[in-house]
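In: one predicted model, sequence on top.
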Amino acid sequence: MSFEPKILGIACNWCTYTGADLAGTTRLRYPQNVRVVRVMCSSRINPSFIFRAFQLGADGVLVGGCHPGDCHYNTGNLYARRRLATTKKILEFAGLEPERLRVEWISASEGHKFAEVVEEFTGQIRKLGPQSKLKIQE
């Protein structure tokens, strides 16, 4: 039996989520093991969301926002970039591979990029294997 990773996608409403929708409506093929949650802006992603995802069994978390300089809320993605860089360091300190958290800037018209990123990230998580460091044991 091969390992199929559980990946949480947290996507900005204005860019990445719309890009994901475009990938779906244009029938681009990408792994179906990513569950996408929409937030209004990547700056609204609290690090506790990411830690909780890993505690509940996620093998990877993919965060998507607007390209720097193109944020619907002006500087939200710049704030998110700093916050998520710190979150990666905390995950590493906790013993988790920082590669399990990936941040990508994907615009609403980049459905193809969304599909490519999901494909690549899923392969990367498959190589890392299941995440068990932060998972709450049942």
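Out: Alright, I've got the coordinates.
In: in three-state terms, label residue 35 for me.
Out: Assigned by DSSP: H, G, I helix; E, B strand; the rest coil, the conformation of residue 35 is strand.
In: typo on my end, it should be residue 68
Out: Counting by three-state DSSP, the backbone at residue 68 sits in coil.
In: please enumerate the strands of the chain.
Out: All strands of the chain, identified by DSSP state E, fall at 7-12, 34-39, 60-65, 101-105.
In: please enumerate the helices of this structure.
Out: Ranges of helices in the chain, per DSSP state H, are 16-25, 47-55, 76-93, 111-128.
In: so for residue 88, which of the strands of the chain sits nearest?
Out: Proximity to residue 88 (C-beta to C-beta) singles out strand 101-105 among the strands of the chain, at 5.4 Å. Just so you know, the C-beta spots here come from the backbone N, C-alpha and C atoms, and that holds for glycine as well.
In: which strands or helices does that closest one pack on?
Out: In terms of contacts (3 or more C-beta pairs under 8 Å, 6 or more residues apart in numbering; DSSP states H and E), strand 101-105 is packed against strand 60-65, helix 76-93, helix 111-128.
In: tabulate these in JSON lines, adding columns for distance to residue 13.
Out: Formatted as JSON lines, the helices and strands packed on strand 101-105 follow (distance: least, C-beta to C-beta, whole Å):
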{"stretch": "strand 60-65", "distance to residue 13": "10"}
{"stretch": "helix 76-93", "distance to residue 13": "11"}
{"stretch": "helix 111-128", "distance to residue 13": "14"}
